[in-house]
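> I would like the atomic coordinates for the input below:
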Amino acid sequence: MTRTYRLKTAVAGFVAAGALALGATAQAVTLDAGVFTAGNGDAANPVTFNVTAGSGLFLDTINFDLGSFTHFNMTSTANNILSFGAPIFENNGDTEVVPAAATFTNQPLADLGLSRDYHLHPQGLNQGGGTYTVSLWGSTLGGPGVPIPGAVWLFGTGVAGLAGLARRKMMAKA
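Next up is the predicted model:
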């Protein structure tokens, strides 16, 4: 696990370094997804960006705030882009908190109290005419109607059955 994380971090670092080295020809895009709310940045209405990637290695930025949501989600499609991914960084100290991925599902992120708590760095290698689309939205897990898993019901009935057998055995001895 640690080696995989270090490898992903190293790859992300090389991509970022390459993007900086090609800074004269690279075009960095900075986008603002805003604050996610019901109707704008929820599962039914995700914030979507269609981006033409900079030539060669590119490293873009998308700032966002989950608002009242507690989990981050992202889907992406990339055309003519090699090794596309987007790590998540805190805007407080620019610290990477989640390694690069092309998709995030229910990724928990804490509210940092900033106007834009986090940013993504979509990155990859444009092989010519490369474009990507990302859809971002917030969600919450749990909530008032959390179902109890079947295993809990099965375990509970088993314990009740054992308690009944023990009681019957104690009654037979008395």
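> going forward, measure contacts between C-alpha atoms and count neighbours the same way
Will do.
> domains of this structure?
For the chain, automatic domain parsing gives the domain ranges 2-141, 149-174.
> distance of the closest residue to residue 80 other than its chain neighbours from residue 101?
Computed as Cα to Cα, 6 or more residues apart in numbering, the closest residue to residue 80 that is not its neighbour in sequence is residue 130, at 4.5 Å. Using Cα to Cα, to the nearest Å, we find residue 130 at a distance of 18 Å from residue 101.
> Could you single out the most deeply buried of the domains of the chain?
domain 2-141 (a mean of 18; mean count of other Cα atoms under 10 Å).
> What average pLDDT does it get?
Domain 2-141 shows a mean pLDDT of 85.
> now do stretch 163-174
On average, stretch 163-174 scores 84.
> so how far is that stretch from its chain's centroid?
Its chain's C-alpha centre and that of stretch 163-174 lie 53 Å apart, by Cα atoms, centre = their mean, to the nearest Å.
> Please name the nearest non-neighbouring residue to residue 95.
residue 89 is the one closest to residue 95 (Cα to Cα, 6+ apart), at 5.2 Å.
> partners of the one you found in the sheet?
residue 96, residue 119 (DSSP bridges).
> One more: residue 47?
Under the criterion used (DSSP bridges), residue 47 bridges to residue 136.
> could you measure it against residue 167, distance?
Residue 47 is 60 Å from residue 167, by Cα to Cα.
> how about residue 164, secondary structure?
At residue 164, secondary structure determined by DSSP: H, G, I helix; E, B strand; the rest coil is helix.
> which residues touch residue 108?
By Cα atoms under 8 Å, 6 or more residues apart in numbering, the contact set of residue 108 is 70-72.
> swap that for residue 32, please
Residue 32 neighbours (Cα under 8 Å, 6+ apart): 62-64.
> now, which of those residues sits nearest residue 154?
Here the nearest of the contacts of residue 32 to residue 154, counting by Cα to Cα, is residue 64; it sits at 42.5 Å.
> Run through the neighbouring helices and strands of the host helix or strand of that closest one.
Secondary structure assignment for residue 64, by DSSP states H and E: strand 61-65. For strand 61-65, the packing partners by 3 or more Cα pairs under 8 Å, 6 or more residues apart in numbering; DSSP states H and E come out as strand 30-35, strand 118-120.
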